[in-house]
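# Quick one, what's the 3D model for this:
(2 chains)
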Amino acid sequence: MKAKGKVWSMFMLLLITVVMTAGCGNKASNEGQGGNTAGGTETSTPTTKNDKDIVIAINSNFITLDPHNASDTHSISAARTMYEGLMGFDENMNVVPVLAASHSISKDGLVYTFTLQENVKFQDGTDFNAEAVKVNIARIQDEKNNLRLRKSFAKVAKVETPDAKTVVITLSEPYNAFLNKVAMAPIISPKAITDNGADISKSPVGTGPFKFKEWVQGDRLVVEKNPDYWQKDLPKVDSITFRPVPENGSRIAMLKTGEADFIYPMPTEQVSEVEGLEGITVDTIDSTIVRYVTLNTMKKPFDDVKVRQAINYAINKDAYIKVVKSGLGAKLDSTMSSKTQYYSQQTGYDYDIEKAKQLLAEAGYPDGFETEIWGENESETMKGMQFIQQQLALVGIKVEVKSMEGGTLSDQINSAKTPEEAKIQMWYVSWSPSSGDADGATRGLFSSEMFPPAGSNTAYYKNENVDNWIAEANKAVDPEAAKSIYANIQKTVWEDAPWAFMGVDQIISGKRSYLEGVKVFPDGSINVLNAEVK
Amino acid sequence: MGRYALQRLLGVIPLLFIVSVLVFLFIHLIPGDPARLIAGKDATLEEIHGIQEQLGLNLPLWKQYINYMGDLLTGNLGNSIRSGIPVTDMLESRIMPTLWLTFLSMAWALVIGLLIGVISAVYRNRWPDHLGTLTAISGMSMPGFWLGLVLIQIFSVELGWFPTGGVDSWKSYILPSITLGMGIMSMLARYSRSSMLETLREDYIRTGRAKGLREYVVISRHALRNSLIQVVTVAGLQFGFLLGGSVMVETVFSIPGLGRLLVDSILFRDYTVIQALLLLFSTQFILINLIVDLLYGVLNPKIRFSQ
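Numbering: from 1, shown residues only, chains lettered A, B, ... in the order given. Here you go, the predicted model:
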């Protein structure tokens, strides 16, 4: 038995040795195996790159590649690598011409005339022309297709093509945000629409700098250089692989090993972990995403403007940015972010606990009151709600934090058919206008036609002036006039305080230092047109 | 035996039918309107109603159920509510990574777990036993999420031996399968140890030894085989749970498998995909249990079932 026992011991020892060496091996033994393959077996911190194939890791999957039906930011980013619209956005969310060489708007704001770029071809070799634009708008407007962009084009009465290079769009009524909407509408090759039909969402053909190569759902989307791209000397990289990597820690690990050249979003609490590392750069910009707490203005005690203002005075916004956002964010100083069209800065509501107490006393709540705050159950949101709870406790307001899963929360809010039925008191949430336009940042949130379930006016805010201004601003033809109307709206809402105005998110991305030109825009979409490996 | 297997297999059909009804009802009980979640925060009511109509979500529940069963019986799992992609396409592209991951995890967990268990039992209360126990207990108490991230830090970031995620080559499966298999390995080690100890006390083992059989033969031919029955039960059950457990591992290692698909689908109330996945998981659970039952007969002919 003893001899056999030895065999067992030897085996056990061998096993342990294997495990130990696997854990403690040194890098030297691995040298020479290198090779920067997609598998990424290279050792950490590469500081240069030989090929021009870049990998971008993002936090969730793409939903669809149908550019007229995409509503999530990542799908929109993906679409923009392969597609272009008549108009587009620059990095400050200004609307700029892309496939339109120029455009003009009639004085009454009804007729938009676009002159198209010459010599542009779709990736399938067909010509980009006025007819293609017309086909695309018809596709968007077709009720049967039920596309997400349809409501943006609801006011389009007719589309005419006097010649191959001119498109004339006539609206049924003036629509101030129309150019922004046009910028959200990429043009698909009409041949692909006919040939691929419903499969457009899996096989995109546009005029963009990159061509579709493959989409393995949940794993990767690969686009490759369009050699016939109409803009000179672009693109400068051969291919881009997008990889959905939901776990924050894994995304950061990929950046460290060089498996990913660019990651977005970079989790705020982990920025300090990579900052200062050789070969890694962290970029931050202000976004169009605003964070706020809606206060149900039809429910006691929030029906009193003094209570709502008191809440705004009672929360230390600087501390909020520091504690909840790890210092990466800005105070919200209007109803919209500074990166949104027609933003107008407001002042006031500086942290002042005495003033808050005084306002509460004036409103008849000298000892505060009890209430509840709703929010999603994701960790940063919970932290935000707990922060608000702690701040309001200092002025006597006892807040109960109720976190819920997204779908359940949405049900809670939208199951109330009338304001009287609504149970919502406070809701900690964020909002971003999808096309960076002022209407998108205003109407759904402050128009009294937009009480849930019709819209997202969860503060049940009603102000006749604001309602009228929203309608007026939409019809304003002159940008200056629109700007002053939106300034009025922002000032009035700010004073009425249907929200506790919290912060503006910063968009944080991480990249290898050799990579240039990849930008995250304020709406959270990733732009790769100028990507370059240096 | 063959007839028994067939009978059991046929018995699966009514079971699956009941599962499909329950799955359908439970999914529709979760709060949250898919149309609203798909349409997004800034959608109009008109848009939301359009989506409801398009997806048949405005029909009464019983009608939706009849449509769903009708489709199911013709092998049509429908299209994803969220992306419009056929559910079969989605399952097809996601199933292999999950299968590889679970089989690999199970394979190494079985081998190492059994080995540790047997060695611990043979060397009861001596250092190999203590070491085995320590390994098993630490393996059991390590949260998979944490273990995954630690493995990535050591073997991907520091050493650069394996990729941090994805499924590009066999190397991509090493770290995830270690993470996923660790808990089962530990459990199997504990079970096989106690089962082995029990067997070693049996009379026939003493008889064998008294007859002068070599210790190796006693352990591998007699004791191990008989203690395997308990282990197979545990392993079978655990294997069923593995697919569920893969959700976390697939997230940490960004593996495009079924687990992640399920989480994504639940977040968006993608009914068609959730239904298909739950049916798939139930089916495999039932089948694994069937296999375990059949294995009993193979391991110990005394347990064969009378017809």
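
# Could you list the low-confidence segments of the chain?
No chain was given, so I picked chain A. For chain A, the stretches with pLDDT under 70 are A:1-47.

# ah, no, chain B please
Residues of chain B meeting the criterion pLDDT under 70: B:1, B:243-245, B:301-307.

# Please list the residues of the stretch 101-250 of chain A that sit near chain B.
Residues of the stretch 101-250 of chain A found near chain B (C-beta under 8 Å from any C-beta of the partner chain) are A:143, A:146, A:148, A:150-151, A:198, A:201-202, A:216-220, A:243-247, A:249-250. C-beta here means a position set from N, CA and C on the backbone, and glycine is covered the same way.

# go again using 6 Å as the cut-off
With C-beta under 6 Å from any C-beta of the partner chain as the criterion, the stretch 101-250 of chain A comes near chain B at residues A:146, A:151, A:201, A:217-219, A:245-247, A:249-250.

# Around chain B, pick out the residues from the stretch 251-400 of chain A.
The stretch 251-400 of chain A comes close to chain B at residues A:253-254, A:256-257, A:259, as judged by C-beta under 6 Å from any C-beta.

# Tell me which residues are up against stretch B:159-179.
Residues outside stretch B:159-179 that contact it (C-beta atoms under 6 Å, 6 or more residues apart in numbering or on different chains) are A:38-40, A:43-44, A:250, A:253-254, A:257, A:259, B:97, B:100-101, B:104-105, B:144, B:147-148, B:151-152, B:155-156, B:249, B:253-255.

# quick one on the thing from earlier: kindly indicate the member of the residues of the stretch 251-400 of chain A next to chain B with the most neighbours.
Counting neighbours by other C-beta atoms under 10 Å in any protein chain shown, A:Glu259 leads these with 32 neighbours.

# what does chain B put close to chain A?
Residues of chain B lying near chain A (C-beta under 6 Å from any C-beta): B:31-32, B:36-37, B:40-42, B:44-45, B:50, B:54, B:83-84, B:93, B:119, B:128, B:149, B:152, B:156-157, B:160, B:163-165, B:168-169, B:215-216, B:251-252, B:254, B:256, B:269.

# Now chain B against chain A: closest residue?
Distance from chain A to each residue of chain B (C-beta to the nearest C-beta) is smallest for B:Gly32, at 2.6 Å.

# I'd say that residue and A:Gly406 touch.
No - between B:Gly32 and A:Gly406 there is no contact under C-beta atoms under 6 Å: 7.6 Å.

# what about these two, which has more around it?
Higher neighbour count among B:Gly32 and A:Gly406: B:Gly32, with 20 against 15, using other C-beta under 10 Å.

# wait, is the more buried one part of a strand?
No - counting by DSSP: H, G, I helix; E, B strand; the rest coil, B:Gly32 is located in no strand; its state is coil.

# Who are the contact partners of it?
Contacts for B:Gly32 (C-beta under 6 Å, 6+ apart) come out as A:407-408, A:411, B:269.

# what's the answer for A:Tyr320, then?
Going by C-beta under 6 Å, 6+ apart, A:Tyr320 touches A:Phe387.

# mind running it again at 7 Å?
Contacts for A:Tyr320 (C-beta atoms under 7 Å, 6 or more residues apart in numbering or on different chains) come out as A:387, A:502-503.

# Among the residues of the stretch 251-400 of chain A next to chain B, which one sits closest to A:Ala471?
The shortest approach to A:Ala471 among those belongs to A:Met254, at 48.4 Å (C-beta to C-beta).

# What separation is there between the closest one and B:Trp100?
Distance, A:Met254 to B:Trp100, using C-beta to C-beta, to the nearest Å: 21 Å.

# With A:Gln390 instead?
Per C-beta to C-beta, A:Gln390 is found 47 Å from B:Trp100.

# so where do the strands sit in the stretch 301-450 of chain A?
Remark: strands assigned in the stretch 301-450 of chain A by DSSP state E, counting those that start in this stretch are A:329-331, A:370-376, A:398-404, A:426-431.

# got the CA positions of stretch A:183-191 in CSV?
Provided in CSV are the C-alpha atoms of stretch A:183-191 (Å, rounded to 0.1, in the frame of the first residue of the first chain):
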residue,chain,number,x,y,z
ALA,A,183,-29.1,64.9,-39.9
MET,A,184,-30.5,61.8,-38.1
ALA,A,185,-31.7,60.3,-41.4
PRO,A,186,-28.9,58.3,-43.2
ILE,A,187,-29.5,57.5,-46.9
ILE,A,188,-29.6,53.8,-47.9
SER,A,189,-28.9,52.6,-51.4
PRO,A,190,-32.3,52.3,-53.1
LYS,A,191,-31.0,49.1,-54.8
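
# mind listing what's buried in that stretch?
Across stretch A:183-191, burial judged by 16 or more other C-beta atoms under 10 Å in any protein chain shown covers A:183-190.

# from the chain's centre, how far out does that stretch sit?
Its chain's C-alpha centre and that of stretch A:183-191 lie 21 Å apart, by C-alpha atoms, centre = their mean, to the nearest Å.

# Which residue is the nearest non-sequential neighbour of the residue of chain B closest to chain A?
In space, B:Gly32 comes closest to A:Gly407 once its chain neighbours are excluded; the distance is 2.6 Å by C-beta to C-beta, 6 or more residues apart in numbering or on different chains.

# try B:Gly236
By the measure of C-beta to C-beta, 6+ apart, the closest residue to B:Gly236 outside its immediate chain neighbours is B:Val292, 3.4 Å from it.

# how many other residues sit next to the one you found?
Residues near B:Val292, counting by other C-beta under 10 Å, number 18.

# tilt between the lengthiest strand in chain A and strand A:398-404?
The residue-count maximum for a strand in chain A (DSSP state E) belongs to strand A:280-295. For strand A:280-295 against strand A:398-404, the angle by axes from the mean of the first three to the mean of the last three C-alpha atoms, to 10 degrees is 120 degrees.
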